[in-house]
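*Asks:* I would like to see how this sequence folds:
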Amino acid sequence: MLNSDIIRGHLDAIILRLIYEKDRYGYEIAREIEARTNGDFKIKEATLYAVFQRLEKKELICSYLGDKSLGGQRRYYSITTLGRAYLSEEIKEWHKTKEIIDILMEGLQ
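*Replies:* This next block holds a predicted model:
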């Protein structure tokens with residue numbers, strides 16, 4: 001069983017990473033997370049938009065309205081220069097954390 005608490009602790013970095021690839025809108029990000037995890041992790045809409053607010057307040061992302069589509073006008077999110085630097089540090093921290101956990105858990109099954 002998946003412990004979502006560990007993932008939730010890294011949602012800012014996960015969402016920044018997806019926006020780093022290309023500008024995205026909320027529902028697209030939620031679908032992408034679900035697809036990449038083969039349905040093992042689904043982000044709730046309220047959680048996703050709370051992350052967007054937090055990232056915008058820290059000026060790590062900015063948003064803009066896209067062209068109108070069949071479903072209406074979508075708000076897209078784009079990573080800022082500050083967001084790219086923050087993401088880079090978060091990735092380094094993740095790799096170090098993962099390395100430490102791997103060392104401490106190695107051999108246990």
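*Asks:* residues of stretch 24-32 that come out buried?
*Replies:* Under the neighbour-count criterion of 16 or more other CB atoms under 10 Å, stretch 24-32 has 24-26, 29-30, 32 buried. C-beta here means a position set from N, CA and C on the backbone, and glycine is covered the same way.
*Asks:* Residues touching whichever helix in the chain runs longest, excluding its own?
*Replies:* Ranked by residue count under DSSP state H, the longest helix found in the chain is helix 81-105. Contacts with helix 81-105, where a contact means CB atoms under 8 Å, 6 or more residues apart in numbering, come from 10, 12-13, 16-17, 19-20, 55, 58-61, 79.
*Asks:* which parts of that helix are buried?
*Replies:* 83, 86-87, 90.
*Asks:* Which of the buried residues of stretch 24-32 fall in helices?
*Replies:* Using DSSP H, the buried residues of stretch 24-32 in helices are 26, 29-30, 32.
*Asks:* Quick check: next helix or strand after the lowest-mean-pLDDT helix or strand in the chain?
*Replies:* Lowest by mean pLDDT, DSSP states H and E among the helices and strands of the chain is helix 4-8, with a mean of 78. Remark: after helix 4-8, the chain's next helix or strand is helix 11-21, criterion DSSP states H and E.
*Asks:* which residues sit in contact with the one residue sitting closest to the centre of the chain?
*Replies:* The centroid of the chain falls nearest to I15 when counting by CA atoms, centre = their mean (1.6 Å). Contacts for I15 were tallied using CB under 8 Å, 6+ apart; they are 29, 48, 51-52, 55.
*Asks:* Let me have these in CSV, extended by pLDDT, secondary structure and distance to M105.
*Replies:* Converted to CSV, the contacts of I15 look like this (pLDDT from 0 to 100; DSSP: H, G, I helix; E, B strand; the rest coil; distance: CB to CB, whole Å):
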residue, pLDDT, secondary structure, distance to M105
I29, 97, helix, 30
L48, 95, helix, 30
V51, 96, helix, 28
F52, 97, helix, 33
L55, 98, helix, 31
